[in-house]
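Student: predicted model follows, preceded by the sequence.
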Amino acid sequence: MYSDKKNILQLVALLKAHEIRHVVLCPGSRNTPIIHTLANHPFFTCYSVTDERSAGFFALGLALSNGRPAAVCCTSGTALLNLHPAVAEAFYQQVPLVVISADRPAAWIGQMDGQTLPQPNVFGSLVKSSVDLPEIHTSEEEWYCNRLVNEALLELNHHGKGPVHINVPISEPLFSFSAEELPDVRVITRYQGLNVYDRQYDDLITRLNGYTKRMMVVGQMNLIYLFERKICKLLYKHFAWLTEHTGNQTVPGIPVKNFDAIIYALPEEEQAKLVPDLLITYGGHVVSKRLKQLLRKHPPKEHWHVAADGQVTDTFCSLTTVIEMDPFEFLEKIAYLLENKPCEYPKRWEQLSKQMAEPDFAFSEMAAIGKVLKALPTDAVLHLANSSTVRYAQLFQIPDSVEVCCNRGTSGIEGSLSTALGYAWASDKLNFVLIGDLSFFYDMNALWCNHLRGNLRIMLLNNGGGEIFQSLPGLKMEVRTHRFVTALHQTKAEGWAQERGFDYTAVHTMEELDAALPDFMQADQQGNPKFMEVFTDKAEDVRLLKEYYHGLRK
């Protein structure tokens, strides 16, 4: 029987899965549940060493002798500090050593309770990874705990070897041993530098060819990548390719971009049929919350993330494999290894995408965005602010050659305008900035500079507040709450824009929008930069948006 503490069960099961067999155990009460679980499992070879100073070096010697990672486990408090010299030696000698420390719950640190001190990150820069496991009460905490242990153990051999620290808070009661077996746990693996001639990767290619429902999801990428025509033919038909405008031109073919609307339009049982067996991702952030919810609720059998940094990025809570290499090099490698067999799954996504008509809104923020996107020059740069703007833009098509920029690293409100101005100053293309009122007025000092040129076009969508919050499902705001959540205001940009040298136009109706667009879109870069402020009714914006989504489900 093993400890019933779920974080301990996850830890021990993953130590086994990562084949860390040799464990040095130091005596103590707080680490008793860990000791009991390790010592009573036949996989592990355990060694008893009382003095932690010696135990750490004993584990170091085990790792040096057999070339495999070894672990050392201690109780809470100063016991952990006594491992510091061995950790330092392991770091500079590049030895894979796992330090496992039992800990008191965080609430009791610094409260004059026995054997307590701040244990997370106690080794500072002398470990390759330091994680503090949660005590597990929910499925999300179990996923988080599993991810943290995988992350730490993967770092033992990542870009050189070295020690890692896993801190395990344990609440009382400590001595409940009711688990009959270790749980089945998700094991994350990492491949570094895929080489098609290396047999180490044969199983990866075999697994790849074993699936027929395969999906590629491409997040934000600030570049254009031109695939060779032969590569496009070899790759495209084997996957459902999903991306957003922020992914730019980084797919070997025509991607499905309106997938968010597709997911919303389908009943839940039909949504589940669209889930892949194998999900492969590359690039950065994905805007769509619906896609994240769908894949988290219906996880694929495998999720591979391809990135040059090889970091564990588990957006969809189902990551199984990290492939550390340039995504485009990976795609070119696998293109010649894919078995040529019929693939109906991508066709289903393509059919649904073609059936989804582009929306036609009455005058609103959405309509203004749609009008500009349809009129964009093919060689333009489009800058999208966060929140409503980047989401509404996804409802409409844009030319493939338009470069799209957006601050999706943290998706914050600040700096959208400043980033766009810096980009436009260094660019020879027309630069279009679509920005909401809160984002604009938050960053309006961006215009307080001397680096403005005639290639800049700003469209400010002003409906008097952050009304997108009003459309969030489940949020019903009282009058006082509404005022503060949406930051209601009556501010206009006209005076500031004109003072800064912009040709300014105010738009209040669809007719005024249609009349103003030709001048706003004209390609001459020798004149003043142009500023269009579109005033809409916030309640009508929300009504039209809800009406559109309601219509998708009819």
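Tutor: That came through fine. Numbers count the residues shown, from 1 in each chain.
Student: neighbours of Ala86, how many?
Tutor: Around Ala86 sit 24 other residues, with neighbours defined as other C-beta atoms under 10 Å. (Glycine included, C-beta is placed from N, CA and C.)
Student: just checking, it is part of a helix?
Tutor: Yes. Under DSSP: H, G, I helix; E, B strand; the rest coil, Ala86 falls within a helix.
Student: mean confidence score for the helix or strand where Gly61 lies?
Tutor: Per DSSP states H and E, Gly61 falls inside helix 52-66. Across helix 52-66, pLDDT averages out at 96.
Student: hey, C-alpha coordinates of it in CSV?
Tutor: C-alpha atoms of helix 52-66 as CSV (Å, rounded to 0.1, in the frame of the first residue of the first chain):
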residue,chain,number,x,y,z
GLU,A,52,21.9,14.7,4.4
ARG,A,53,25.3,16.2,3.8
SER,A,54,26.6,12.7,3.1
ALA,A,55,23.4,11.5,1.4
GLY,A,56,23.6,14.1,-1.3
PHE,A,57,27.1,13.1,-2.2
PHE,A,58,26.2,9.4,-2.0
ALA,A,59,23.5,10.0,-4.6
LEU,A,60,26.0,11.9,-6.7
GLY,A,61,28.3,8.9,-6.6
LEU,A,62,25.5,6.6,-7.7
ALA,A,63,24.7,8.8,-10.7
LEU,A,64,28.4,9.1,-11.6
SER,A,65,28.8,5.3,-11.4
ASN,A,66,26.0,4.1,-13.6
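Student: what helices and strands are in contact with that helix?
Tutor: strand 22-25, strand 70-74, helix 84-93, strand 97-103 (3 or more C-beta pairs under 8 Å, 6 or more residues apart in numbering; DSSP states H and E).
Student: what's the angle between that helix and strand 70-74?
Tutor: Inter-element angle recorded for helix 52-66 and strand 70-74: 170 degrees (by axes from the mean of the first three to the mean of the last three C-alpha atoms, to 10 degrees).
Student: got the angle between helix 52-66 and helix 84-93?
Tutor: Angle of helix 52-66 versus helix 84-93, following the same axes, to 10 degrees, is 30 degrees.
Student: which residues does helix 52-66 contact?
Tutor: The contact list for helix 52-66 (C-beta atoms under 8 Å, 6 or more residues apart in numbering) reads 22-24, 26, 47, 49, 69-72, 74, 79-80, 82-83, 85-87, 89-90, 93, 95-97, 99.
Student: can you say which of those are buried?
Tutor: Buried by 16 or more other C-beta atoms under 10 Å: 22-24, 26, 49, 69-72, 74, 79-80, 82-83, 86-87, 89-90, 95-97, 99, out of the contacts of helix 52-66.
Student: I'd guessed Gln10 sits against Val187; true?
Tutor: No. Using C-beta atoms under 8 Å, Gln10 is not in contact with Val187, being 11.1 Å away.
Student: compare these two (neighbour count), which wins?
Tutor: Neighbour totals were compared for Gln10 and Val187, and Gln10 leads with 27 against 17 (other C-beta under 10 Å).
Student: can you tell me the SS state at the more buried one?
Tutor: Going by three-state DSSP: Gln10 is helix.
Student: which residues of the stretch 151-300 of the chain score low on pLDDT?
Tutor: Scanning the stretch 151-300 of the chain for pLDDT under 70 picks out 194-199.
Student: contact partners for Pro267?
Tutor: Arg553.
Student: backbone dihedrals for it, both of them.
Tutor: phi -70, psi 160 (degrees, to the nearest 10).
Student: from Lys273, how far off is it?
Tutor: Per C-beta to C-beta, to the nearest Å, Pro267 is found 10 Å from Lys273.
Student: now render the helices and strands packed on helix 52-66 as JSON lines, adding mean pLDDT and distance to Thr419.
Tutor: Formatted as JSON lines, these follow (pLDDT from 0 to 100; distance: least, C-beta to C-beta, whole Å):
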{"stretch": "strand 22-25", "mean pLDDT": "98", "distance to Thr419": "50"}
{"stretch": "strand 70-74", "mean pLDDT": "98", "distance to Thr419": "45"}
{"stretch": "helix 84-93", "mean pLDDT": "97", "distance to Thr419": "38"}
{"stretch": "strand 97-103", "mean pLDDT": "97", "distance to Thr419": "42"}
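Student: which one of the ones you listed lies nearest to Leu154?
Tutor: Minimum separation from Leu154 across the helices and strands packed on helix 52-66 (C-beta to C-beta) falls at strand 97-103, 11.7 Å.
Student: so what strands line up beside that closest one?
Tutor: Counting by DSSP bridges, the strands paired with strand 97-103 are strand 70-74 (parallel), strand 164-169 (parallel).
Student: now these in JSON lines, with distance to Ala39?
Tutor: Formatted as JSON lines, the strands paired with strand 97-103 follow (distance: least, C-beta to C-beta, whole Å):
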{"stretch": "strand 70-74", "distance to Ala39": "10"}
{"stretch": "strand 164-169", "distance to Ala39": "16"}
